[in-house]
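Asker: I'd like to go over a predicted model; first the sequence, then the structure.
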Amino acid sequence: MTKLIEIKNLRVHFDVDEGTAKAVDGVSFDIGENRVLGVIGESGCGKSVTAHSILRIVPSPPARMAGGQILFHPRSNGGVQAPPVDLLTLDPKGEDIRKIRGKEIGMIFQEPMTSFGPLHTIGDQIMETIITHDRTSKAEARTRTIELLRRVGIPNPEKRVDDYPHKFSGGMRQRAMIAMALSCSPRLLIADEPTTAIDVTVQAQILELLRELKEATGMAILLITHNLAVVSELADEIVVMYMGRVMERAPAEELFNNPLHPYTIGLLHSIPVLDGPVVRLEQIKGSVPSPCALPDGCVFHPRCDKCRQGVCDGQEVPELKEISPGHWVSCFPQPGGRGL
Amino acid sequence: MRNTASFAGQVLDQPQNILEIEGLQMFFPILKGFLRRQVGSIKAVNDVDLSIRRNEVLGLVGESGCGKSTLGRCILRLYEPTGGTIHFDHGGERFSLLDLKKHEMRKMRRSIQMIFQDPFSSLNDRMTVKEIVGEPLLVNQVASGRELEDRVERMLVRVGLRPEHMRRYPHAFSGGQRQRIGIARALAIHPALVVADESVSALDVSVQAQIMNLLKELQAEFQLTYVFISHDFGVIRYLSDRIAVMYAGKIVEIAARDELLHTPRHPYTEALLSAVPRVKAHQRRDRILLKGNPPDVSNLPKGCAFSERCSYAKDICSNQVPVLRGVGEGHQAACHFAVEIKLRGI
Amino acid sequence: MIQALKNLFVPNRSPELDFRASQFRLVWRKFRRHRLAKIGMVGLFVMYILATFAEFFVPVDPRQRHREYVYAPPSRIHVVDAEGRWHWPYIHGRTRTLNRETFRYEFPENVGVRYPIHVLVKRTPYHLLGLVPLNRTLFGTAEGAPPLFLMGADRMGRDLFSRIIYGGRISLYIGFAGVGLSFFLGCLLGGISGYLRGRTDEVIQRFIDLLLCLPTLPLWMALSAAVPRDWGVTQTYFAITLILAVVGWAGLARVVRGKFLALGQEEFVLAARAAGCSDARIIFRHLFPSMASYLIVSVTIAIPGMILGETGMSFLGLGMQSPAISWGVLLQDAQDLVNLAHHPWLLWPCFFVIAIVLMFNFVGDGLRDAADPYARV
Amino acid sequence: MAHYIARRFLIMIVLFFGISILSFVIIQLPPGDYVSTYIQQLETAGVKIDSQAIERLKLRYGLDQPMHIQYVKWMRNILLHGEFGRSFQYDEPVRTIIAERLPITVGLSLVAMLFVWVVALPIAIYSALHKYSVFDYVWTFIGFIGMALPGFIFAVVLMYLVYNLTGHAVTGMFSYAYVGEPWSWGKVLDLLSNIWLPVVVTGTAGTAGLIRLVRGMLLDELGKQYVTTARAKGLSERTLLWKYPIRMAFNPVVSNIGLLLPALVGGSMIVAIVLNIRDIGSALLGAVLAEDMYLAGSIILVLGSLTLIGTFISDLALAWLDPRIRYA
């Protein structure tokens, strides 16, 4: 499997009045070609910041890229593999990163209602990407846009292309958003909470559309969501984040069948599901700490029922270790535990 | 007719309706043109009949804009419904809520309370926790002074907060804690019926579980009746005894929880269930994908509101509005073919 | 440099929000960090004290004419005499003489005699605020000595500084009175409009539109025509207040209405209704407190507008009239360019007007930033 | 769109009648009716007037009739014949005076509006894009002062400064030499050398306000999701800023016309009075001082109507700019 993008020890800190918020604090993972990586976590866990860092669209200040690397492997040119680019070294306003945005990496956002500027037509805003990157004529860009809209399932695209965003419903806008992200056939699609703001029946449509498109185009997807079920629908591999750190990373099946980190287990148990008997939900105690005052040691220890005093709450931060092939966990080993 | 078991497990001998809604309509006018004439109406709640039994949890599920929140607010008369009746059983007496005068309704509010969705906007930032939780007691002249303080304190402790939190302002609390305050406010006055409108939707998964468990415990402890409104089938299933599914301002199906989940009788219920994403990695199911979006409630199709998206639809569906009718024990569905077609549950 | 500038404008937020701090305390704490606002607050406080207890602070009776000092420039305060000896601050007497070449009066100092500036100097007995009998003022030259003209004298030889301080009584308080009245009207009509909605709302809205689309000044001018010229100071004062308020409430009413509409949708208002609160309780316990900070901001910003209204109207001869003393009346003397060119100290009232308005704006800005202590920035 | 325009138009008509009633009330405000004031005026001037003439005058103005009839009469004359009544102060029809002086006020206000835009927009945009830079702070501070500076005081101070520094007395529209002369290059230049001061003075408060408004609006817009979306598409900063947020920031500029215009008109009037320009402001002042109420009321009516038209135009422009309104 060829790697498409590698995130190594990424640290993004926000300088706020309360101090330094370590939104992302040493996150590593990689995505291979044509793979779907799901990142899950609760609000404020740093999953969106990680995704936005890839495209370098985290507003800075207040954000500060405090360290790490984001290596992006360019397309092989006639069998010759060019060396990877570290996206973190690029100027966020410069030309190099702009050539990657929209062209190599497309992105869809959570809020379909506000993702389009209200003053220009949907078509205009999609064509813009095509014209910027592929230097095509307006007419050709328009034809391609109509084709894209048809492909994402917008009825009557020849007419809808000239509509303004306020004429589109939420689900329609998310489809248009996907069309926009796909307009230059990117190799990686970052989907940041793509279905959070839409209704379940429409969510199912969008997830189905993403699956179809992925299979048809062979692009990789970085799927960010707080919804475990959504991620399980699509992802090959899953990363669980908590307070800016990776808690566990495993192939999807493995993660759901054999979760190892207490946080992952807690998450899985606190979701009310449709199947199985209705039993009392096991809840994770307490609440998320302030990002400016993270606990020492394992960030999860104050809420963990397996927490061992003197180990988990010490100065040492647990390392992300590979327990079994492809299954990584960041937790201190339990005496007599399951190999942790 | 046997009442469904509540979570605590006891079976009530006498099924008794605490609330009976008949033909409820809530139409919001659409004003247009330069004279602001009413050119139509948003039929947010459109001819709803619904009975809620004492001590049950009725789950009201549906997608955004289906009218579930409006229905909930109509029960408390936070909106003034444009038609229909609501009867409320209060101490063995039946009151027609919509006919009550303003001050009479205010008295009735002791018995009907609401838990809101947004833990941030639902608490007045300018009041202390004591004032917030104590307000229903105070304005209904249930308690004051020392007694009020005691009751607030007990309630706070019950929902998992500490007595000293009483003098704090809401800004000192996290989302989950704020939701606990909101629950304490609703329950402080010991209502009989609680409408919970998307009360866990805005919370993170781990906190959501805490609040849902709390709501369950409180229901058993205070002998409460809940109308629990949510768009999340998982949440609804976990909390409800009976489930009503709403679509475009109408109740399309209502049944006991497991009955509805396993043998749905309305194609929309089937599709909705099938659309819920499940935590079973890569388990491909033949998902029913609905076409299009929920209809515009100001411009409904002629027949069944769901007919345009329904794969079972026949001619009659686009001509005639189906009525909610009995299709099994305690099971009602509003579909012309509710009995004929075989639908898939979970 | 940038940090220093930033500190002037941007309130730095405190990490620890006291759990038990009330809304008012949070606002106040945040407000105090806005330096310009703090400066403005202190400045306003000083100005209002000066104006309120004007009798005590002025060195000269503002109505007393000194024929020998017509258009006298500001007195020069010396501390060192011609021989280089240090003294307690003093002034010299001056003699009005006509310069035969320019045909203008000049005021050469009579260097011989020194008149020290006394602190708590004796005066003819007076009643502070009409209540407290006093016979001293804060500073000035002794009785019989040449008067101290801190900011020069006007065309009748009256002390401009003293007149400005006195003028503040009308100019500074007319803002309060006018805003008070328009605040009442604005809250009442805006509240009705926002709470009742529907037709009432529409009618009030059109009325507000009407007032807002008319240029304020011409309206003031026209309305002031209704004030009889022969009215006394007090009557005119109230008439002017009324005019300012009648024209000025519309903006505030719009703010109140907007807030009512927005807050009416908030869940905590629904919650209050669900709890069984009466309309009155919802309005006065929930809605108004929630918009209090915005109202205070609006009021702070409206006061300087009212002050300017009075000044402008009096300046044009439509408001307060001599012998009343207000800043607008004082500025009437500055209308003539040639006169002004020869006696530039007549511009001093301008300085006070601008300073006051500026300070109100600073305070308003600080309050605006502090108004919402929970704003997540 | 048609509905929107129709509604706006209707509101404009309603407001026009509101203004006309208000103006009529203003005419009636001072004690005594028009004719008795007129007679009194004539008598002080030493002119005797016979009772027949008085009756004629009373009849003409319908003074013997109830208020609402008088109003209808007055309005009918205005709407059908363009007759506003007669100014006894000038002894001319009000129409003539307004026709002579209104263009100056309107011209001054329009030029001031142009000045406001030309100065405020670039500064606001630059400030917003360079938030917390020295430039931003300096302009925020200048803006503060600009807003606090009342026009007439600014005019006085500026006039004094210019006179002191250059010896040039900026009063009136033209220097003495050109008053009453036919138009020539010299006269145009002279006009320009005189007109800048009222324009600057009138425009300053509006400029400061607009900078604040646009800067705030733009900062809001810059944080919006669609800006991030545009950035994620790979657009260059310049392209995306101009296409999305800056374009959005023009909306408040346009919708602000309705408020800016009355402020400018009011401001220009008092400045014109200070600078001794014979515009409609000085006419109003004179009319109010002399209780020449038909003139005063008519001026209020005309000014109010003009700002109504201005607001209506800004509504149209807003609809043209913003598709959400256009297709609502």
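Answerer: Structure's in. What do you need? Everything numeric here is computed off the predicted structure, so don't read it as measured data.
Asker: list the helices and strands the helix or strand containing residue D:26 packs on?
Answerer: Secondary structure from DSSP states H and E places residue D:26 in helix D:2-28. For helix D:2-28, the contact count by 3 or more C-beta pairs under 8 Å, 6 or more residues apart in numbering or on different chains; DSSP states H and E identifies helix C:198-213, helix D:67-81, helix D:293-321 as packing neighbours. Using the backbone N, CA and C atoms, a C-beta is placed for each residue, glycine as well.
Asker: Could you look over the ones you listed and pick the most buried one?
Answerer: Between those, helix D:293-321 has the highest mean count of neighbours, a mean of 22, where neighbours are mean count of other C-beta atoms under 10 Å in any protein chain shown.
Asker: That one and chain B in contact?
Answerer: No. Shown here: helix D:293-321 not in contact with chain B (C-beta under 8 Å from any C-beta of the partner chain), separated by at least 12.5 Å.
Asker: Could you tell me which residues of the stretch 1-150 of chain B lie near chain C?
Answerer: By C-beta under 8 Å from any C-beta, the residues of the stretch 1-150 of chain B that approach chain C are B:36, B:73, B:76, B:78, B:106-107, B:109-110, B:112-114, B:116-118, B:121-126, B:128, B:135-136, B:139-140.
Asker: among those, which are in strands?
Answerer: With DSSP state E as the criterion, strands contain B:112, B:113, B:114 from among the residues of the stretch 1-150 of chain B next to chain C.
Asker: how would you label residue A:238: helix, strand or coil?
Answerer: Here residue A:238 is recorded as strand under DSSP: H, G, I helix; E, B strand; the rest coil.
Asker: quick one on the thing from earlier: can you tell me which of the residues of the stretch 1-150 of chain B next to chain C are buried?
Answerer: Buried members of these, counted by 16 or more other C-beta atoms under 10 Å in any protein chain shown: B:73, B:76, B:78, B:106, B:109-110, B:112-114, B:116-118, B:121-126, B:128, B:135-136, B:139-140.
Asker: which of the residues in the helix holding residue D:26 are buried?
Answerer: Buried positions in helix D:2-28, judged by neighbour count with 16+ other C-beta under 10 Å: D:4, D:7-8, D:11-12, D:15-16, D:18-20, D:22-28.
Asker: The helix or strand that that helix is followed by vs chain C: in contact?
Answerer: Counting by DSSP H and E, the next helix or strand C-terminal to helix D:2-28 is helix D:34-44. No. Using C-beta under 8 Å from any C-beta, helix D:34-44 stays clear of chain C, coming no nearer than 11.1 Å.
Asker: Need the nearest residue in space to residue D:151, chain neighbours excluded.
Answerer: Nearest residue to residue D:151, sequence neighbours excluded (C-beta to C-beta, 6 or more residues apart in numbering or on different chains): residue D:267, at 4.5 Å.
Asker: what pLDDT, on average, does the helix or strand hosting the one you found get?
Answerer: Following DSSP H and E, the helix or strand that holds residue D:267 is helix D:257-274. Mean pLDDT, helix D:257-274: 81.
Asker: so how far is whichever helix or strand comes after that helix from its chain's centroid?
Answerer: The C-terminal neighbour of helix D:257-274 among helices and strands, as given by DSSP H and E, is helix D:280-289. In terms of C-alpha atoms, centre = their mean, to the nearest Å, the centre of helix D:280-289 is set 15 Å apart from its chain centre.
Asker: Output the contacting helices and strands for helix D:280-289.
Answerer: In terms of contacts (3+ C-beta pairs under 8 Å, 6+ apart), helix D:280-289 is packed against helix C:216-224, helix D:94-129, helix D:257-274, helix D:293-321.
Asker: is it possible to export the ones you listed to CSV including distance to residue A:163?
Answerer: Shown next, in CSV, are the helices and strands packed on helix D:280-289 (distance: least, C-beta to C-beta, whole Å):
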stretch, distance to residue A:163
helix C:216-224, 43
helix D:94-129, 29
helix D:257-274, 29
helix D:293-321, 17
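Asker: for chain D, what are the nearby residues on the stretch 1-150 of chain A?
Answerer: Proximity of the stretch 1-150 of chain A to chain D (C-beta under 8 Å from any C-beta) is limited to residues A:52, A:55, A:57, A:59, A:93, A:95, A:98-103, A:106-107, A:109, A:111, A:114-120, A:125, A:128-129, A:132-133.
Asker: how about the residues of the stretch 101-250 of chain C near chain B?
Answerer: residue C:202.
Asker: which residues in the stretch 101-250 of chain C form strands?
Answerer: Applying DSSP state E, counting those that start in this stretch to the stretch 101-250 of chain C gives strands spanning C:104-106, C:109-128, C:132-141.
Asker: what's the answer for chain A, then?
Answerer: Using DSSP E, strands in chain A cover A:3-16, A:19-32, A:36-40, A:63-72, A:85-86, A:105-108, A:188-192, A:220-225, A:237-242, A:245-251, A:321-324, A:327-329.
Asker: next one: the stretch 1-150 of chain B
Answerer: Under DSSP E, counting those that start in this stretch, the stretch 1-150 of chain B gives strands at B:17-32, B:37-53, B:57-61, B:83-90, B:93-96, B:112-115.
Asker: Of the ones you listed, which is nearest chain D?
Answerer: In terms of C-beta to the nearest C-beta, the element of the strands of the stretch 1-150 of chain B nearest to chain D is strand B:17-32, at 6.7 Å.
Asker: Surely residue A:244 is in contact with residue A:288?
Answerer: No. Between residue A:244 and residue A:288 there is no contact under C-beta atoms under 8 Å: 11.2 Å.
Asker: quick revisit: and the helix holding residue D:267, C-alpha only, in PDB?
Answerer: The C-alpha coordinates for helix D:257-274 follow below in PDB (Å, rounded to 0.1, in the frame of the first residue of the first chain):
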ATOM      1  CA  ILE D 257     -27.600  55.100   2.800                       C
ATOM      2  CA  GLY D 258     -31.000  55.400   4.300                       C
ATOM      3  CA  LEU D 259     -29.400  56.500   7.600                       C
ATOM      4  CA  LEU D 260     -26.300  58.200   6.200                       C
ATOM      5  CA  LEU D 261     -28.300  60.600   4.000                       C
ATOM      6  CA  PRO D 262     -30.400  62.300   6.700                       C
ATOM      7  CA  ALA D 263     -27.200  62.600   8.800                       C
ATOM      8  CA  LEU D 264     -25.300  64.200   5.900                       C
ATOM      9  CA  VAL D 265     -28.200  66.500   5.100                       C
ATOM     10  CA  GLY D 266     -28.500  67.600   8.700                       C
ATOM     11  CA  GLY D 267     -24.700  67.900   9.000                       C
ATOM     12  CA  SER D 268     -24.300  69.900   5.800                       C
ATOM     13  CA  MET D 269     -27.000  72.300   6.900                       C
ATOM     14  CA  ILE D 270     -25.300  73.300  10.100                       C
ATOM     15  CA  VAL D 271     -21.900  73.500   8.500                       C
ATOM     16  CA  ALA D 272     -23.400  75.600   5.700                       C
ATOM     17  CA  ILE D 273     -24.800  77.900   8.200                       C
ATOM     18  CA  VAL D 274     -21.400  78.300   9.900                       C
END
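Asker: Thanks a lot, see you next time.
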